[in-house]
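Undergrad: Next comes the sequence, and after it the predicted model I'd like to discuss.
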Amino acid sequence: MASTKESQRMKPLQLISMQRVALRDVTISDGTFIPKVTASYVSSHRLWDPKVYANPEQWDAHRFPNL
């Protein structure tokens with residue numbers, strides 16, 4: 001399972017990896033207000049960010065050992 005997650009990290013199916021639409025008005029913990037029907041997207045760019053993953057350009061089957 002960990003090797004599958006690493007493969008998805010290295011080669012995601014989409015550049016925008018997660019898309020969501022708020023079903024109701026929401027205020028998140030930092031005070032940011034998100035109105036109902038606001039679309040949000042998460043970029044896959046952070047999957048290769050060395051601040052997030054050590055050696056992000058290198059495939060590592062053991063990167064996610066707790067799966």
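TA: Noted; the coordinates are in hand. Being a predicted model, the structure only gives us computed values, none of them experimental. Numbering: from 1, shown residues only.
Undergrad: give the contact list for the nearest residue to P65 once chain neighbours are set aside.
TA: Using C-beta to C-beta, 6 or more residues apart in numbering and skipping the chain neighbours, the partner closest in space to P65 is A2 (6.2 Å). To be clear about C-beta, it is placed using only N, CA and C from the backbone, and glycine gets the same treatment. A2 makes contact with A61, H62, R63, F64, P65, L67, according to C-beta atoms under 8 Å, 6 or more residues apart in numbering.
Undergrad: chain center to stretch 27-37, what's the gap?
TA: Relative to the chain's own centre, stretch 27-37 is displaced by 19 Å; criterion: C-alpha atoms, centre = their mean, to the nearest Å.
Undergrad: Only alpha carbons, please: show it as CSV.
TA: Output of stretch 27-37 as CSV, limited to C-alpha atoms (Å, rounded to 0.1, in the frame of the first residue of the first chain):
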residue,chain,number,x,y,z
THR,A,27,-15.3,29.5,9.1
ILE,A,28,-12.1,27.5,9.6
SER,A,29,-9.9,27.6,12.7
ASP,A,30,-7.7,30.5,11.6
GLY,A,31,-10.8,32.7,11.0
THR,A,32,-10.9,32.3,7.2
PHE,A,33,-14.5,32.5,5.9
ILE,A,34,-15.4,30.2,3.0
PRO,A,35,-18.8,31.0,1.5
LYS,A,36,-21.2,28.3,0.3
VAL,A,37,-20.5,27.0,-3.2
